[in-house]
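Q: predicted model and sequence below, questions to follow.
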Amino acid sequence: MALLTPQGVKEVFQFQRPQGRERLRRLLNWEEFDEQRDCRRSILLDTLYESIIFAVGKGFPWVEVAQVVKFTEELLRETKGCSITEAVTILGNKLRDYRGHFNTTHLLALCDYFHHTFIRHYKLYQYVLGQDQQVDLTVAHLEVCMPPEPLPLAEGMDRDLWIHEQQVATLTEAEAQKRADVLLLKEALRLERENSLQKAFAAAAPAQPGQVLERQELESLVCQAVHTQMELLQELLQRQIQNTFAILDLKLQKKTLNLNAPTPLPPPITSHAGQEEALKPQRASKGKKVKTRK
């Protein structure tokens, strides 16, 4: 492990935690690693970083803070695979070895820190840092779609009023469609009438040019044309009556909706002048009551 300088640990402490951990990694000459896939190295970096935070919080000089990081790294490495009894012995020996680097108060604080962190959770440290772990990690890249920008609140309306307007618009559209159906029906029946009459005239036409139709044939042709015309007019009239009733029913529905339309909310009073205008009717009514009493 590279020996940290007092200036180096001071820089680590001055950064926020993410930037401080990254600065510590660079000072330790560690290569970049995946925090999620390499949990062991990530936890080890956390442990070294927390030792800096502890030492600074206890008022250690910057020179001693750098020694605390070195002490932590050596303790984790030397106790790897040892029992908890052996770990306590190694901790005591290292504290004696570092008596020349710390005063008595700081040495006791360091001993108390490792007893309440490292020794208390020794099995957990050994499980995580002392043996290889198989990590099954699944990474999914999800696309987050931002919601559309909402319209200004001033353009909004009451929900019941909006539903009412949608219903009226639907009925109006259906009424227009019925009127368009009548026009299309008239055009279709006109074309059908012309086609039927042309077929009738073609069937009754004389075989030789200049040949005159007999009276009986002419009467039959006229009767057939009149019959065709009456059938088409009857169908047109029947369909028009049906569409007229449908349009009247749509008008009745719209009329009913308009009679039961929700009352729109009054606009908010945003100025003092508006408040004065709203209070005028009340003041006038009070004045009338006073005059009546007199």
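A: Nice, I can see it. If you're wondering where the values come from, they're calculated on a predicted model, not measured in any experiment. Numbers count the residues shown, from 1 in each chain.
Q: out of everything not next to it in sequence, what's closest to Lys251?
A: Glu175 (7.0 Å; Cβ to Cβ, 6 or more residues apart in numbering). For glycine as for every other residue, the C-beta is placed from the backbone atoms N, C-alpha and C.
Q: same thing with Leu76?
A: Leu76 sits nearest to Leu129 (Cβ to Cβ, 6+ apart), 6.4 Å away.
Q: what count of nearby residues applies to that neighbour?
A: Leu129: 18 surrounding residues under other Cβ atoms under 10 Å.
Q: got a list of what it touches?
A: Taking Cβ atoms under 8 Å, 6 or more residues apart in numbering as the contact definition, Leu129 lies against 40, 43-44, 76, 80.
Q: which pLDDT value goes with it?
A: At Leu129, the model reports a pLDDT of 77.
Q: then Ser220?
A: pLDDT at Ser220 comes out at 73.
Q: what's the answer for the one 4 residues further on, then?
A: Reading off the confidence values, Gln224 has pLDDT 75.
Q: also the one 4 residues further on?
A: Thr228 is assigned a predicted lDDT (pLDDT) of 76.
Q: ok, it touching Arg193?
A: Yes - if you go by Cβ atoms under 8 Å, Thr228 and Arg193 touch, sitting 6.5 Å apart.
Q: overlap in contacts, the two.
A: With Cβ under 8 Å, 6+ apart, Thr228 and Arg193 have no common neighbours.
Q: let me know the helix or strand that the residue nearest to Arg99 when sequence neighbours are not counted is in.
A: Excluding the flanking residues, the one nearest Arg99 by Cβ to Cβ, 6+ apart is Leu107, at 6.4 Å. Leu107 belongs to helix 104-114 when assigned by DSSP states H and E.
Q: ok so, going back, among the contacts of Leu129, which ones are buried?
A: When burial is judged by neighbour count using 16 or more other Cβ atoms under 10 Å, the buried members of these are 44, 76.
Q: got TSV for the contacts of Leu129, with distance to Glu31 too?
A: Putting those into TSV (distance: Cβ to Cβ, whole Å) gives the following:
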residue	distance to Glu31
Arg40	14
Ile43	17
Leu44	14
Leu76	19
Lys80	21
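Q: now for the contacts of Leu129, which pair is the farthest apart?
A: Greatest spatial distance among the contacts of Leu129 (Cβ to Cβ): Ile43 and Lys80, at 13.6 Å.
Q: which residues does Leu107 contact?
A: Leu107 neighbours (Cβ under 8 Å, 6+ apart): 95, 98-99.
Q: so which strand or helix has Phe245?
A: helix 215-259.
Q: I'd like to know which elements that helix is packed against.
A: Other elements packing on helix 215-259 under the criterion 3 or more Cβ pairs under 8 Å, 6 or more residues apart in numbering; DSSP states H and E are helix 159-204.
Q: quick one: the helix it packs on to helix 215-259, angle?
A: For helix 159-204 against helix 215-259, the angle by axes from the mean of the first three to the mean of the last three Cα atoms, to 10 degrees is 180 degrees.
Q: pLDDT of helix 159-204, averaged?
A: Mean predicted confidence for helix 159-204 is 80.
Q: which helices and strands sit right next to it?
A: helix 215-259.
Q: returning to what we had before: quick check: the gap between the residue nearest to Lys251 and Leu248.
A: 10 Å (Cβ to Cβ, to the nearest Å).
Q: neighbour count for these two, which is higher?
A: Glu175 (18 against 11).
Q: which residue is the nearest non-sequential neighbour of Ala109?
A: Using Cβ to Cβ, 6+ apart, the closest residue to Ala109 is Lys58 (5.0 Å).
Q: tell me how many other residues crowd that neighbour.
A: 16.
Q: that older thread, how far off centre is the helix holding Leu107?
A: 52 Å (Cα atoms, centre = their mean, to the nearest Å).
Q: and what of stretch 44-55?
A: On Cα atoms, centre = their mean, the centre of stretch 44-55 falls 39 Å from that of its chain.
Q: neighbouring contacts of that stretch?
A: Identification of contacts with stretch 44-55 by Cβ under 8 Å, 6+ apart yields 9, 12-13, 17, 20-21, 24-25, 28, 30, 64-65, 68-69, 71-73, 76, 110, 113, 117, 129.
Q: this completes my enquiry, with thanks.
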